[in-house]
Every structure is written in C-alpha cells, then in structure tokens.
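Q: predicted coordinates and the sequence they were generated for:
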Amino acid sequence: MKILLTGGAGYIGSHTAIELLTSGYEVVIVDNLRNSKLSVVDRISEISGKALSFYELDVADYAALEPVFKQEQPDAVIHFAGLKAVGESVANPLLYYQLNLLTSMSLCRAMADNKVTSLVFSSSATVYGEPERIPLDESCDATKATNPYGRTKIIIEQMLRDLCDANPEFNVALLRYFNPAGAHPSGRLGEDPKGVPNNLVPFLTQVAVGLRDELVINGDDYPTEDGTCVRDYIHVQDLARGHVAALRKLQSSCNLVTYNLGTGTGHSVHEVVAAFELATNQDLPRTIGARRAGDVPRSYTDPSLAERELGWRAELTIEDICRDAWRWQAENPAGYP
C-alpha cells in the first residue's frame with residue numbers, strides 16, 4: 001500500500017514516514033521544505049532502511065501536485081502540510097488562511113481527480129478553544145478556536161465533512177492532536193524550528209544546548225495550580241503510531257471519523273521544565289514573560305475513543321519526551337544540516 005505524505009519532511013511527518021516504512025508501507029513525500037530540510041529525507045531512509053520517493057513542491061500548486069498523483073498512484077494520503085504556529089497566526093492571519101486553506105483545497109482536488117479517496121488529516125486540539133469541560137472529548141464543541149491557526153483547522157475540517165457528504169466513497173480521519181513533543185530515540189530526527197521556537201520543549205532544548213540565553217515562560221498568572229498553562233504533551237513516536245492506526249481504520253470504509261490523540265494527562269509549564277532538568281541534570285535560567293496571544297489556560301484530552309476504535313494509546317511519558325528531545329538537540333546542536 002502506497003501512502004502520500006504532504007509535509008512529510010516536517011517534524012511529525014518525518015516520524016510518521018518512519019513508522020509507515022517500518023510497518024511495510026511504501027511512502028511518497030511531498031514537501032516544499034519551507035519548514036524542513038532535505039537532509040531529513042535522507043535520515044528517514046537511513047533510520048528505516050527503506051527507500052522512499054520525494055518531490056519538492058508546494059501542495060497549494062495544483063499544476064505541480066496533480067502529476068505526482070498520476071505518477072505515483074497512491075492508495076491514501078496523510079495531510080501534514082501547513083503552517084502551525086499559534087502566535088504567528090495571530091500576527092499574520094492572512095498568511096495562515098491563504099496557505100493552509102489553499103493547500104488543503106488543492107490536495108482534495110488532486111485526490112478527487114485521481115480517485116484517491118482515503119485521507120488522514122492532521123488537525124489540532126486548538127479547534128476546541130477555551131475548553132467547555134476537561135478532559136476534552138470528541139463530543140465537545142470544536143468550533144471555538146481562539147486564534148487564526150485553529151480557525152483554519154475548523155474550516156478545513158468542515159470542508160472535509162462536506163466532501164464526504166457529497167462523495168460517500170471518501171473516507172477521512174480527522175486527528176485532533178494535542179501537544180507533540182520529543183524526538184526519535186535514535187537522535188537522528190527531532191523538532192528543528194526555524195527562528196524562535198513556538199513550542200515549549202524545543203525552547204528548553206535550545207536553552208540547554210546554549211543556543212538561547214534563557215527560557216521565557218509565557219505567563220504565570222493563569223487559573224491553574226501553579227499559574228502556568230497546562231497541556232497534554234504527547235510523544236511524537238506515539239503520535240506517528242496513531243496516524244498508522246487511523247490509516248488502517250480507513251480501510252473499513254468509515255466515511256468520516258474524528259479522534260483526539262493525547263495522553264489524557266495535563267502537565268504545566270513548570271512541571272515540564274522540572275522534568276527536563278531532571279532528565280538532563282541541568283538547571284535552566286528562566287524568566288517570566290507576558291501571556292502569549294491565543295493561549296488557553298488548560299487543555300488535555302480523554303483519549304478513550306481512539307483506544308476503543310483504533311486500538312491505540314499513548315505509551316511514552318513526559319520523561320521519555322524530555323530525554324529523547326535532549327538527545328536529539330545534544331547530537332544536533334545546530335539542527336539539521
């Protein structure tokens with residue numbers, strides 16, 4: 001079975017590519033390398049011991065994308081391509097609406113034109129916005145995002161529902177995942193953000209390796225136990241397994257399904273910093289900054305639906321996340337070459 005991954009050279013896409021290859025799938029990656037490096041593709045092959053196909057192009061460019069479908073004839077698609085920084089989306093909303101929506105529309109058109117009807121979509125827990133209850137489950141209102149990034153995910157989810165309603169042969173899995181973190185245990189793949197990291201764990205690793213002077217904690221006056229934001233941090237390896245499990249689910253002609261992927265446990269910023277310091281035997285300099293626009297105080301999931309229907313559950317801990325993320329950064333202090 002051949003799977004096309006949009007944004008497959010990115011952080012989550014690259015780990016999922018390895019999981020697919022080692023599970024016996026063929027992999028085709030399409031990526032414009034806006035937020036990744038070509039060396040990632042080589043490392044995917046190196047770690048998995050398997051060859052893959054790679055096309056450097058913008059998924060939003062239908063004229064460039066459609067011939068790839070003709071050439072490769074994939075059986076299914078996992079759609080990672082898109083911009084994903086909450087703060088950046090608040091500062092530059094038009095960029096997010098343009099790129100994320102056009103990319104998804106171009107992809108769906110290419111799929112429909114080539115009769116590829118199975119899609120796993122990389123959505124986000126940001127669609128829930130300020131949680132109506134904790135833990136969040138799939139029945140919660142998923143139209144309350146507090147930032148443009150999350151709103152693009154809401155719009156794309158609705159577009160895919162409409163596509164499935166109009167075309168019953170389509171099978172789509174919406175994966176709303178929480179806070180991916182960690183790295184491949186080999187130390188060869190990890191999160192390598194361009195510029196200042198928008199996520200906590202790569203900020204920690206960059207401070208620890210000396211790339212940044214100190215950690216800036218975005219607010220300590222939230223209505224949580226220690227005043228810092230609480231999130232459900234899921235190891236990227238667990239998340240990769242979740243995508244493969246969702247892909248298998250689509251083979252049963254499910255039309256459209258939605259799953260939250262997380263651990264079911266929330267950790268505050270202070271708790272993650274403490275776990276990281278313990279894993280690395282370092283004391284990190286830190287300061288308290290202003291709240292970040294678009295952030296909610298608390299977000300974690302009830303992952304029981306995915307466990308029941310996909311046979312999937314997160315297995316790795318916050319300690320595993322910190323250890324693997326630090327191994328990646330220590331062995332690749334400047335990121336990918």
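A: Happy to help now that I have it. Residues are numbered from 1 along each chain as shown.
Q: mind saving the C-alpha coords of the helix or strand of the chain with the lowest mean pLDDT as PDB?
A: In the chain, no helix or strand scores lower on mean pLDDT, DSSP states H and E than helix 86-91, which sits at a mean of 87. Extracted in PDB, the C-alpha atoms of helix 86-91 (Å, rounded to 0.1, in the frame of the first residue of the first chain):
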ATOM      1  CA  VAL A  86      -0.400  30.000  17.100                       C
ATOM      2  CA  GLY A  87       1.400  33.300  17.800                       C
ATOM      3  CA  GLU A  88       2.500  33.800  14.200                       C
ATOM      4  CA  SER A  89      -1.100  33.200  13.100                       C
ATOM      5  CA  VAL A  90      -2.300  36.000  15.400                       C
ATOM      6  CA  ALA A  91       0.300  38.300  14.000                       C
END
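Q: run the chain-centre distance for the helix or strand following it.
A: For helix 86-91, the succeeding helix or strand toward the C-terminus, using DSSP states H and E, is helix 93-113. Centroid separation for helix 93-113 versus its chain: 17 Å, with CA atoms, centre = their mean, to the nearest Å.
Q: now the angle from whichever helix or strand comes after helix 93-113 to helix 93-113?
A: Per DSSP H and E, the first helix or strand lying C-terminal to helix 93-113 is strand 118-124. Per axes from the mean of the first three to the mean of the last three CA atoms, to 10 degrees, the angle that strand 118-124 makes with helix 93-113 is 170 degrees.
Q: can you name the next helix or strand after strand 118-124?
A: Later in the chain than strand 118-124, the nearest helix or strand by DSSP H and E is helix 148-166.
Q: on that earlier part again, mind giving me the packing neighbours of the least confident helix or strand of the chain?
A: helix 93-113, helix 148-166 (3 or more CB pairs under 8 Å, 6 or more residues apart in numbering; DSSP states H and E). The way it works is simple: take the backbone N, C-alpha and C, and place the C-beta from them, glycine included.
Q: format these as JSON lines; extra columns: mean pLDDT, mean neighbour count and distance to residue 236.
A: Shown next, in JSON lines, are the helices and strands packed on helix 86-91 (pLDDT from 0 to 100; neighbours: other CB atoms under 10 Å; distance: least, CB to CB, whole Å):
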{"stretch": "helix 93-113", "mean pLDDT": "97", "mean neighbour count": "18", "distance to residue 236": "21"}
{"stretch": "helix 148-166", "mean pLDDT": "97", "mean neighbour count": "19", "distance to residue 236": "19"}
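Q: ok, which stretches of the protein are strands?
A: 2-6, 26-31, 53-56, 76-79, 118-124, 171-177, 179-181, 215-218, 230-231, 233-235, 256-261, 267-268, 286-289, 298-299 (DSSP state E).
Q: list the neighbouring strands of the last one plus their orientation.
A: I take that to be strand 298-299. Counting by DSSP bridges, the strands paired with strand 298-299 are strand 230-231 (parallel).
Q: what of the third one?
A: Using DSSP bridges, strand 53-56 pairs in its sheet with strand 26-31 (parallel).
Q: and the contacts of the strand it pairs with?
A: Contact with strand 26-31 is made by 1-10, 13, 17, 20-21, 41, 44, 50, 52-57, 59, 65, 68, 72, 74, 81, as judged by CB atoms under 8 Å, 6 or more residues apart in numbering.
Q: show the buried residues in those.
A: For the contacts of strand 26-31, a neighbour count by 16 or more other CB atoms under 10 Å gives the buried set as 3-10, 13, 17, 20-21, 41, 44, 50, 52-55, 57, 59, 65, 68, 72, 74, 81.
Q: mind listing which of those are in helices?
A: In helices, judged by DSSP state H, the following of these are found: 13, 17, 20-21, 41, 44, 65, 68, 72.
Q: how about the residues you listed, which pair is most distant?
A: Spatially, the most separated pair among these is 21 and 65, at 22.0 Å (CB to CB).
Q: number of residues surrounding residue 51?
A: Neighbours of residue 51 under the rule other CB atoms under 10 Å: 10.
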